[in-house]
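Visitor: no sequence on this one, just coordinates:
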Ligand SMILES: Cc1ncc(C[n+]2csc(CCOP(=O)(O)OP(=O)(O)O)c2C)c(N)n1
Ligand code: SF4
């Protein structure tokens, strides 16, 4: 499973940050939407030479109501669950056009989909595309619920979050299952590059995009994307909560390169999860014991990640 | 030049036609009785005989989705399916036509579960009547070959830009070994120019495909798609004319056999038409006043041409290969009742649903249908042939 992959990519720093936005202002996303922020960063890092396939969901709806479009890139939306398959077709099409000399350069293909479109209904198409090895980048924008249809739970909704289909009530703490680990599922396909990223760490995110596009074959990027509307959070707080997610270890940043786990950021003094939970209305109903339980599972998940990194990392000389 | 007829399984002939058409992307998922077509195509690609990308997708839903993506990227795309596979594609079939993507798909017609049955009838495509695709029915190996090539030409014509489904009966046609004359590659190249998309996903000229249709634009968009489909009839006719000229055939949107201006006409679609043809010939020899109309183009329905073919007929015996549970009759008969509604000289439409799930319908059965219809003994709504009790 482990292969040594050297990724040759043009690094983005604060000095050479791309300026051009590929998604124009005037789109209809809510204020403080983490998805549109992340998507803007991904496309900035990727540049002009890409083709985008977008799943049904918030990002498709807010960027494309005819006769307007927020896209400065060739963009296609087909349905909710099939973006990885549509991307596969686009990639195969561009490949054959390039081979036959009908286009000079083969553009990169990037798929965008929400956590619902990725973790649930679209998991089969995603798995198929990763297994077949299409040279494309699949980006999951994880706002931890189906936002477009009104904040219903997904398998990526964390334990204890209240949503319209996992409501907290007398008999319920809200979502009663643990968040599905999509990056690990993607990594299990043995693809060359998997990473998690957050819009609060924009250079890290953008460089991961660069790396993902530089490798041959499929790459999977799981991006944490706060949704002020769905999470009950002030619009101005989304970057802050994204940073807290990383600093509390709730959403660890890491890469899986050729099967090797590399933690991108180890918070020197991790904050308690309560700091992360408190500002969000979706966790408001939780008591002390619940918070302790979440803290416990966050610590356990981090521990597991560290062990994966240790087990798969190169031995230090 | 006299070309050689080769004995070939019709599925393989269809694969050969797709190769001659120089498809660039083939995405497919196996399902009986379509499998031989895509197996053969994957072999061509593996051997370097066809310069295409073969995408062995993980489901039919993805087969159609990948076809949509590849077509939008600007390539000539082919897929094939059947029955449950077509049903699984359902959602994306509408999108392919709404986005005006000229994908060509063979549907090896097969019944739908349950009970599970791999054998032939038309239930699969009849459940997809309203997907906005051009839909053709072929009857034999030669036609399967030539119309597969023609389907690309129809689909990709800039006056059309719609996906085309070529329906062929599962097993009865797909697995039959028939004599087929193949055109030369150069002839096909002359007939079918490389695909030139009206729009494609190109970073040099970005377009937004598949945007949100707000209520203010949705109906107009639908109207445009319908208009494109209606207008495709003329192109289908034109392309069939070119096939006739190039390969010396006589294909038309609808065809007639048997006695001219007959009072009773059988109406058929697909390969059962051949059995009906034999029955009609025999009945004509017995001096019976009967003929046959075969529908080749099912969508857009060739209303004018069909009515012309039925001129003077008093009675149509429609052979339906699918049910429409809860309605008044089978889908083809429903269509024809609509076609003639309000006409003063409308023929009586008698529907016989026959041969579901691969049930054999021998030539003698059609003679029996005719006899019963003539005596007024066939139900005026519909008869499930062989089940409803068809004797006097
Ligand atoms: C087959 C199908 N089922 C259901 C829907 C309705 N639907 C549209 S978007 C959506 C949820 C999207 O959630 P997610 O993928 O997490 O994206 P988000 O809107 O949160 O960005 C649902 C259920 C659909 N469009 N298609
Ligand atoms: S509902 Fe959430 S994900 Fe959707 S646009 Fe608004 S903030 Fe973004």
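Guide: Noted; the coordinates are in hand. Computed from a predicted model, the values in this text were never measured in an experiment. Ligands and ions are numbered 1, 2, ... in the order given.
Visitor: neighbours around residue B:26, how many?
Guide: 30 (other Cβ atoms under 10 Å in any protein chain shown). For glycine as for every other residue, the C-beta is placed from the backbone atoms N, C-alpha and C.
Visitor: who's in contact with it?
Guide: Taking Cβ atoms under 8 Å, 6 or more residues apart in numbering or on different chains as the criterion, residue B:26 is in contact with B:18, B:38, B:41-42, B:45, B:52-55, B:77-79.
Visitor: Of those - the most surrounded one?
Guide: Among the contacts of residue B:26, residue B:77 has more neighbours than the rest - 34 neighbours, counting by other Cβ under 10 Å.
Visitor: now, which of the contacts of residue B:26 sits nearest ligand 1?
Guide: Nearest to ligand 1 among these, counting by Cβ to the nearest ligand atom, is residue B:79 at 20.2 Å.
Visitor: Check what contacts whichever strand or helix holds that closest one and list those residues.
Guide: Assigned by DSSP states H and E, residue B:79 belongs to strand B:77-81. For strand B:77-81, the external contacting residues (Cβ under 8 Å, 6+ apart) are A:89, A:93, B:14, B:18, B:21, B:23-29, B:31, B:34, B:37-38, B:41, B:60, B:63-64, B:67, B:70-71, B:89, B:101-108.
Visitor: cool, and stretch B:35-49?
Guide: B:9, B:11-12, B:14-16, B:18-19, B:23, B:26, B:28, B:30, B:50, B:52-54, B:56, B:78-80, B:106, B:108, B:174-175.
Visitor: that older thread, so of the contacts of residue B:26, which ones are in helices?
Guide: The helices, defined by DSSP state H, take in B:18, B:38, B:41-42, B:45 from the contacts of residue B:26.
Visitor: Ligand 2 contacts on the stretch 151-300 of chain B?
Guide: Contact residues, the stretch 151-300 of chain B versus ligand 2 (Cβ under 6 Å from any ligand atom): none.
Visitor: Residues of the stretch 151-300 of chain B that sit close to chain A?
Guide: Residues of the stretch 151-300 of chain B lying close to chain A by Cβ under 8 Å from any Cβ of the partner chain are B:200-203, B:205-214, B:217, B:221.
Visitor: Closest one of these to ligand 2?
Guide: Once Cβ to the nearest ligand atom is applied, the member of these that ends up nearest ligand 2 is residue B:212, at 13.2 Å.
Visitor: near ligand 1 too, which of the ones in helices among the contacts of residue B:26?
Guide: With the criterion set as Cβ under 6 Å from any ligand atom, no member of the ones in helices among the contacts of residue B:26 is near ligand 1.
Visitor: so how far is the strand holding residue B:79 from its chain's centroid?
Guide: Strand B:77-81 sits 14 Å away from the centroid of its parent chain (Cα atoms, centre = their mean, to the nearest Å).
Visitor: Likewise for stretch B:91-101?
Guide: Distance of stretch B:91-101 from the chain centroid (Cα atoms, centre = their mean) equals 17 Å.
Visitor: Is that stretch positioned near chain A?
Guide: Yes: residues of stretch B:91-101 are located near chain A by Cβ under 8 Å from any Cβ, namely B:91-92, B:95, B:99.
Visitor: What about those residues, which are in helices?
Guide: Checked against DSSP H, those include these in helices: B:91-92, B:95.
Visitor: Compare those and tell me which has the most neighbours.
Guide: Ranked by neighbours (other Cβ under 10 Å), those are led by residue B:92, which has 26 neighbours.
Visitor: Spit out the contact partners of that residue.
Guide: Residue B:92 makes contact with A:78-79, A:82, B:61, B:64-65, B:68, according to Cβ under 8 Å, 6+ apart.
Visitor: How about residue B:330?
Guide: Listed by Cβ under 8 Å, 6+ apart, the contact set of residue B:330 reads B:318, B:320-324, B:351, B:353, B:382.
Visitor: Check residue A:75 too.
Guide: Per Cβ under 8 Å, 6+ apart, neighbours of residue A:75: A:51-54, A:63-64, A:69, B:201, B:206-209.
Visitor: Just the buried subset of those residues, written out for PyMOL, thanks.
Guide: Remark: buried members of the contacts of residue A:75, expressed as a PyMOL selection using 16 or more other Cβ atoms under 10 Å in any protein chain shown:
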select buried, (chain A and resi 51+52+53+54+63+64+69) or (chain B and resi 201+206+208+209)
